[in-house]
Structures are given as C-alpha cells and as structure tokens.
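**Student:** Any chance you can model this:
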Amino acid sequence: MQAPTHFLTGMIIFRAFSSWFPALPPWILISLTVIASVFSHFLLDCLADLTYHLPDPQWNDPFWVSYHVIFVYIGSLVMLVVFWQGYWWVMLASILPDIIDWYTLRWIFKKDSVVHPLIDKMREHWFSWLPNWRDRKWTVALEICVDMGLLLIILL
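**Tutor:** All right, here's what the predicted structure looks like:
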C-alpha cells in the first residue's frame with residue numbers, strides 16, 4: 001500500500017487506543033501505537049497485491065506518474081501538513097519499514113532491504129490466495145476507496 005494508507009491506518013490505531021485505554025500513561029500509549037502501526041504496515045503490504053503497486057518506478061508511463069504525483073506524493077504531503085500536529089510521530093511509525101528499507105538501506109547504504117523480504121514471506125505464507133492485481137491500473141480505485149473510508153473514520 002502507499003504512504004497515505006499507512007498514515008491513515010496509524011492515525012486510526014492511535015485514536016482507537018486512546019479511546020479504548022484512556023487511563024494509560026502516555027509513554028505506554030505511544031509505545032503500543034508505534035508497535036501496532038509498524039505491524040499494520042506489514043499487514044497492509046501483505047494486501048498490496050490487490051492494488052496498483054508495481055515493483056519498479058515507471059517514469060515513462062503517464063498513468064503511473066500521474067497516480068504517484070497526485071495521489072501518493074501530493075496526498076502524502078497534504079496529510080503531513082494537515083495532520084502534522086498530534087500525528088507526526090504516528091505517521092512516522094506507520095512508514096518506518098519503508099524508511100528503513102527504501103530510504104536508509106537502499107539509498108544511503110546501497111544495501112538490500114531487510115524488512116520487506118519478511119513481508120513477502122508473510123504474504124506467501126498467509127495471503128497467497130489473494131489475486132495479484134499489482135499491474136492493473138483500475139486497482140488504484142481500491143486503494144483510494146480504502147483511504148476515503150479511513151479518512152471518514154478519522155474525521156468522524
């Protein structure tokens with residue numbers, strides 16, 4: 001799944017924990033939220049076969065570029081601006097596996113990813129029955145619908 005989906009899921013986790021356990025000390029609430037947000041990243045990425053999620057950038061494909069610029073990049077930036085106060089740490093925790101693998105290990109250290117191979121194994125073991133629609137452009141609608149539902153939950 002893309003960053004906006006991870007951000008929204010992390011925010012919902014925080015809101016749920018805050019309402020379910022209002023008496024928890026803040027450090028426990030934050031710790032539980034961070035752990036659950038990281039684990040939610042694993043689950044969401046296991047479901048990524050259901051959405052438009054090509055393994056490599058397609059800079060020559062106008063659809064891929066439009067989707068990533070408008071939905072992923074601009075959508076993520078808008079969410080960071082709108083929800084920064086109160087949720088920045090939740091959004092950071094929710095994309096921590098991507099930060100580790102794609103930005104720290106690959107870009108800075110030029111190493112192979114370590115987290116996403118674990119996610120791939122989880123997907124093969126528990127979610128192998130899901131169809132692989134990663135290359136189907138129409139599946140952007142699935143992720144956008146999920147995100148609209150998650151955003152609605154947050155705003156209510």
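**Student:** which SSE is the most far-flung residue of the chain relative to its centre in?
**Tutor:** Going by CA atoms, centre = their mean, the residue of the chain most distant from its centre is Ala23, 28.2 Å out. For Ala23, there is no host helix or strand (DSSP states H and E).
**Student:** Quick check: phi and psi at it.
**Tutor:** Reported as degrees, to the nearest 10, the phi and psi values for Ala23 are phi -90, psi 0.
**Student:** where's it relative to Ile12, distance?
**Tutor:** With distances taken as CB to CB, to the nearest Å, Ala23 is found 20 Å from Ile12. Just so you know, the C-beta spots here come from the backbone N, C-alpha and C atoms, and that holds for glycine as well.
**Student:** Equivalent analysis for Gly75, please.
**Tutor:** In terms of CB to CB, Gly75 sits 16 Å off from Ile12.
**Student:** Please apply the same query to Ile153.
**Tutor:** Applying CB to CB, the value for Ile153 to Ile12 is 6 Å.
**Student:** Looking at the two, which is more packed in?
**Tutor:** Ile12 (18 against 13; other CB atoms under 10 Å).
**Student:** what secondary structure does that one sit in?
**Tutor:** The three-state label for Ile12, taken from DSSP: H, G, I helix; E, B strand; the rest coil, comes out as helix.
**Student:** Contact partners for it?
**Tutor:** Leu150, Ile153, Ile154 (CB atoms under 8 Å, 6 or more residues apart in numbering).
**Student:** Which residue comes closest to Ile30 once chain neighbours are left out?
**Tutor:** Excluding the flanking residues, the one nearest Ile30 by CB to CB, 6 or more residues apart in numbering is Trp89, at 7.1 Å.
**Student:** Also Trp88?
**Tutor:** Spatial nearest neighbour of Trp88, excluding adjacent residues (CB to CB, 6+ apart): Leu80 at 7.6 Å.
**Student:** residues touching His6, list them.
**Tutor:** Ser37, Ser40, His41, Leu44, Met91, Ser94, Ile95, Asp98.
**Student:** Can you give me the separation between it and Ala48?
**Tutor:** Using CB to CB, one obtains 11 Å as the distance from His6 to Ala48.
**Student:** again with Asp56
**Tutor:** For Asp56, the distance to Ala48 (CB to CB) stands at 14 Å.
**Student:** Between those two, which has more neighbouring residues?
**Tutor:** Ala48 (21 against 6).
**Student:** That one reaches Met1, doesn't it?
**Tutor:** Yes - using CB atoms under 8 Å, Ala48 is in contact with Met1, at 5.4 Å.
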